[in-house]
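**Q** Predicted coordinates and the sequence they were generated for:
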Amino acid sequence: MSVRKRSGSGGRKALKEKIVQLYEGIFRGECMTLGNINFWEEFFLLKPKMATLENEIGNLQADQLSGVRENLNTVVHQCILHLSNTHQIKVVYALQTLTGVVRAVYKKCAQLSGFDLVNFLIGFDRAEQEMSKLLQHINTFLVDDSPTCLKDLCLKFLLVLVTGTDNVSSNTLLEYLLLNPVFDSLILLLAQADLRARHGHQAITILTILVQYRKHDSTNPYILNLSILEQELVLHGYSQIVTSSLSGYTQKYEEMVKEGSSSTWLGTLSNMVGNMFIQEDSVVRNEKLRSHNPALMALYEIIHLNRNFITTLAHYQTEGPNIIPSENEEEGGDVSAADLKSVNLLVTFLEYISIAMQDSKSEVAQSNVNLCFIILTCITEDQYATALMHDPNLVYKVKLHRAPMRHRKVGGEVEAHGRPLVCGLIDLMVEFIRSHLMKRLPHQLHQFAIGCIHKVLAYQRRCRVRISYNWRELWSTLIALVKFVVTNESHFIKKLNVFTICLQISTVFNIFITYGDTFLPSAASYDELYYELVRCQDVFDNLYTMSLRYSMSGGEYKDTSIKVTNSLINIRAITAHFQPRIEAWLASQQISTPSETDILEVVRSNYDSLTLKLQENLDQYEPYAEHPNHTPFFTNLVRNMVIDYRQNIVLDDLDLQEVLHNFSSIQ
């Protein structure tokens, strides 16, 4: 019997387990069936040692690989062959062994160049046949009344497969998943509450990664199938998994804030000192945010591809899923059934964003918020989704969490009364703009935020929808952003084209000016709009001066600055019209500091003589397109998501008693 000296024990030797000896023999290139025709029957009765198995493959040198390829092909072949075995333990151990072998070979091929994964693992001559058999077994185990441990292993195997390479599109084994789809098997796990609770996170993660495979270069059946998916139970199950992931994060955040908001003087002092440093350890926070990227990507893909899913945005989730988190999500991060009562996906999503966007300085956080804003862009572009958000019969209380600032405390305020979802959306965009007036301006995020507001206003104008909303909050926030940009012109102009943001803001104001009478809640709101424009005349004058200067200089920003200059014509006409009339009224009344009521009265009295230019196509916008504008972003995001998930797939040695109990429970 092969032995190995135990370190530091004199001449004493430690016996190796039988399975370890067999691993060593296989990967030395020995013929294991010589003299024992029942070798593989016995092999799959032995409990696999996953760490040892992967280490044996990982320790192979480049010159040894060709010598063990035949044995490796045989191991894979026998694993697949034994998946049809009537002996339950052999089936589980065969699948577990196969999963470990595939993962180890992926790692080895990533380390060495010149080795073809398919040939090294299976062999070119029988790869298609073997993979077809394998995936047929996987589908059967997932669909049939198989024990939990076997379904878990199937999903772990698929996760190992889809996360095998950093670049999903270069993963050659995924071609076989296109030829032998697992889509129907995975979505069945979402339709049943008990299966969804156990396997839902893994199922939608696998689907999401498969959708990424050469999505812009070839026909991907997973994209097609996801886009036409219409089973209501599956769509609601999908929604519940995403909601569970996001609400788990918001709940933990609320608990952290509650613990930190002590009312004692010592607690107050601790909070003051704590706020001098990072609120939450940046590494821990980034890990938490990254752990939710699979759920966010799943949400993005189905909203981007499937219009049938939009109905779930307004659905009350009254079922408590008790969903078990995936490997790379925090344990206990999901909410209980009681906490999930009457939860809504879009409400949870808005609340999640309000937390995630509080600190978007790190690359991880900015990427996370960027994805969230892209999802909101897709939602606000969808006519049906926007109609749902404006439905006065669908009202919700959205608890937006606000970043701590000098003039306010950390935390969130629950609305006293339910409002249409669009109110929460606009509140969120306003909060983002207000809290991100910084020298390191998140330019693209501001564009997304203003773009969402623009799309909402375009819908209200087209459909003549009026909502009860304090529009002055939005106007003052947009004006503050313009003022900030103009004030810091010399800093920003070297790095980015700030005129794109300014053009978006002037377009939003022009929609209010030109079409406000069709969607503002009252005539008084229209008066308040003009009051804000007149009050902040200097801001728009400075913007006009800046844009005019760049439009005449012939630099790289010339075209955009010309558009900004032209878009300010009505705003400047309003301020030029009312300002002298206000001054004349003040002189006649001998008042130096008029009240807001006084100014509003002057505005109401002088509408008739105001002449404005009709501007067309204000409600038009460039539709969102992932390719090519955002392809680099998603390529990098998916790459990081795959790497994170691969590192967190745990292939534990199975407990024999638990396996037997799993099988006996379904007899």
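**A** Sure thing, it's come through.
**Q** Tell me, please, where in the stretch 51-200 of the chain the pLDDT is lower than the cut-off.
**A** Counting by pLDDT under 70, the ranges of the stretch 51-200 of the chain that qualify are 114.
**Q** Mind jotting down where the helices sit in it?
**A** Applying DSSP state H, counting those that start in this stretch to the stretch 51-200 of the chain gives helices spanning 62-81, 88-111, 117-121, 127-143, 148-162, 174-179, 183-191, 193-212.
**Q** And those: which comes nearest residue 627?
**A** Comparing the helices of the stretch 51-200 of the chain against residue 627 with C-beta to C-beta, the closest turns out to be helix 193-212 (12.3 Å). In short, each C-beta sits where N, CA and C put it, glycine included.
**Q** Between helix 183-191 and the closest one, find me the angle.
**A** Interaxial angle of helix 193-212 relative to helix 183-191 (axes from the mean of the first three to the mean of the last three C-alpha atoms, to 10 degrees): 140 degrees.
**Q** What is the next helix or strand after helix 193-212 packed up against?
**A** Secondary structure here is assigned by DSSP states H and E; on that basis, the next helix or strand after helix 193-212 toward the C-terminus is helix 221-228. Contact partners of helix 221-228 among helices and strands, from 3 or more C-beta pairs under 8 Å, 6 or more residues apart in numbering; DSSP states H and E: helix 183-191, helix 193-212, helix 293-305.
**Q** Which positions within helix 221-228 qualify as buried?
**A** Judged by neighbour count using 16 or more other C-beta atoms under 10 Å, the buried positions of helix 221-228 are 222-223, 225-227.
**Q** What distance do you get for residue 64 to residue 29?
**A** Using C-beta to C-beta, to the nearest Å, we find residue 64 at a distance of 8 Å from residue 29.
**Q** try residue 494
**A** With C-beta to C-beta as the criterion, residue 494 and residue 29 are 62 Å apart.
**Q** Residue 360 contacts residue 440, correct?
**A** No. Using C-beta atoms under 8 Å, residue 360 is not in contact with residue 440, being 9.5 Å away.
**Q** which of the two has more neighbours?
**A** Summary of the neighbour comparison: residue 360 and residue 440, criterion other C-beta atoms under 10 Å, with residue 360 having more neighbours (22 against 11).
**Q** Assign a three-state SS to the more buried one, would you?
**A** Classification of residue 360 by DSSP: H, G, I helix; E, B strand; the rest coil places it in coil.
**Q** Show the contacting residues for it.
**A** Neighbouring residues of residue 360 by C-beta atoms under 8 Å, 6 or more residues apart in numbering: 366, 369, 436, 442, 445.
**Q** cutoff 10 Å now
**A** With contact taken as C-beta atoms under 10 Å, 6 or more residues apart in numbering, residue 360 is in contact with 289, 366-370, 432, 435-436, 438, 440, 442, 445.
**Q** likewise residue 627?
**A** By C-beta under 10 Å, 6+ apart, the contact set of residue 627 is 215-216, 634.
**Q** 7 Å - rerun?
**A** Residue 627 makes contacts with residue 216, as judged by C-beta atoms under 7 Å, 6 or more residues apart in numbering.
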